[in-house]
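Q: I'd like to go over a predicted model; first the sequence, then the structure.
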Amino acid sequence: MRNDTASRVVIPALFAALLATSAWITIPIGTVPITLQSLVVFLAALTLPPVTAGAAVGAYVGLGALGVPIFAGAKGGLGVLAGPTGGYLVGFVVAAFIGALVRRAARSLPEALPDALAVFVALAIVYAAGWSWLVIGIGLTSDAAFVAGVAPFVLLDAAKAAVAAAIAGALRRTNVLPR
């Protein structure tokens with residue numbers, strides 16, 4: 001892909017739109033719903049340069065914080081960031097950036113390892129941010145926060161990570177994304 005101004009603006013906007021769309025698919029299971037957002041965050045980390053990945057996810061979170069109803073459940077505003085999912089949303093931004101950094105740093109390793117390492121680190125960041133916010137900001141005990149915000153998602157997030165890695169591999173082979 002050409003590294004021009006249009007692509008530097010359009011690609012993060014497309015990923016922000018993908019994140020908004022992925023939030024529409026919501027399964028409320030308790031304090032934190034199931035969505036496809038982590039799949040898109042993984043995909044950003046695996047296919048975009050670090051700053052672009054962070055900017056794409058940051059644009060999504062920023063628009064939602066401004067009140068655009070693009071968070072899970074068609075919600076928006078600062079109240080969502082102060083609620084139970086706020087830590088995950090902030091964690092998404094950090095995870096996309098750091099995940100992309102890890103992938104870039106590990107790209108000399110055998111084929112599947114950079115993606116696996118990047119997704120593992122990204123998921124750990126999302127879980128740490130979400131779990132921490134449930135404890136510190138919402139007031140759940142550590143155990144209750146783990147049961148509500150981590151345990152129900154591990155297997156599903158592993159599946160989303162595998163799907164994101166497969167899609168990322170296919171996209172990289174087409175050579176359409178920025179490096």
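A: Looks like it arrived, so ask away.

Q: show me what contacts the residue positioned nearest the centre of the chain?
A: By CA atoms, centre = their mean, the chain has its centre lying nearest to Val41, at 2.6 Å. Neighbouring residues of Val41 by CB atoms under 8 Å, 6 or more residues apart in numbering: Leu19, Val57, Phe92, Ala95, Ala96, Gly99, Ala122, Val126. (C-beta placed from N, C-alpha, C; glycine too.)

Q: switch to 10 Å and redo it
A: With CB atoms under 10 Å, 6 or more residues apart in numbering as the criterion, the residues that contact Val41 are 15, 18-19, 22, 53, 56-57, 60, 88, 91-96, 99, 119, 122-123, 125-126, 160, 164.

Q: swap in Ala20?
A: Going by CB under 10 Å, 6+ apart, Ala20 touches Gln37, Val40, Ala59, Tyr60, Leu63, Gly64, Val68, Pro69, Ile70, Phe71, Ala74, Gly76.

Q: among the residues you listed, which lie within strands?
A: Residues of the contacts of Ala20 located in strands (DSSP state E): none.

Q: of these - the most surrounded one?
A: Taking other CB atoms under 10 Å as the neighbour criterion, Tyr60 ranks highest of the contacts of Ala20 with 31 neighbours.

Q: correct me, but it touches Val40?
A: Yes - when contacts are counted by CB atoms under 10 Å, Tyr60 is listed as touching Val40 (8.7 Å).

Q: scan this protein for its longest helix.
A: helix 112-136 (DSSP state H).

Q: and it, what's buried?
A: Neighbour counts over helix 112-136 (16 or more other CB atoms under 10 Å) mark 114-119, 121-123, 125-127, 129-135 as buried.

Q: do stretch 72-92 as well
A: Under 16+ other CB under 10 Å, the buried positions of stretch 72-92 are 72, 75-76, 80-81, 83-92.
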